[in-house]
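**Q** please work out how this folds:
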Amino acid sequence: MNIFHSCERAAELMSQALDEPLDLADQMRLRIHLKMCGNCLEVEKQMGLLRSLTTQLGALALDDDAAPLNVEVR
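**A** Okay, the predicted model is just below:
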């Protein structure tokens with residue numbers, strides 16, 4: 001068993017972690033990978049930001065008193 005994940009496997013685990021908890025072994029391997037790989041760490045930060053933004057947008061959509069979003073499409 002390899003204790004380090006490839007970037008591809010790390011991305012899969014980051015995505016999976018958004019939907020369900022990772023087991024302890026995968027959590028540890030992912031943390032180790034992220035400590036060593038700046039690119040994957042940046043992807044994790046971006047995924048967290050996107051999740052936060054989509055949660056906020058979802059809350060706005062559910063709020064009946066919220067004004068409609070004016071989005072200009074070009």
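
**Q** where does residue 6 fall, phi/psi-wise?
**A** phi -70, psi 160 (degrees, to the nearest 10).

**Q** contact partners for it?
**A** Remark: with contacts taken as Cβ atoms under 8 Å, 6 or more residues apart in numbering, residue 6 is in contact with nothing. Any C-beta I mention is one placed from the backbone N, CA and C, and that applies to glycine too.

**Q** could you report the pLDDT at residue 53?
**A** Confidence at residue 53, expressed as pLDDT, is 91.

**Q** apologies, that question was intended for residue 62.
**A** For residue 62, the predicted pLDDT is 70.

**Q** and it, how many neighbours?
**A** Residue 62 has 8 neighbours, counted by other Cβ atoms under 10 Å.

**Q** check the gap between it and residue 6 for me.
**A** Remark: distance between residue 62 and residue 6 (Cβ to Cβ, to the nearest Å) = 39 Å.

**Q** over to residue 35?
**A** With Cβ to Cβ as the criterion, residue 35 and residue 6 are 15 Å apart.

**Q** so for the host helix or strand of residue 29, mean pLDDT?
**A** If you go by DSSP states H and E, residue 29 is part of helix 24-36. For helix 24-36, mean pLDDT rounds to 95.
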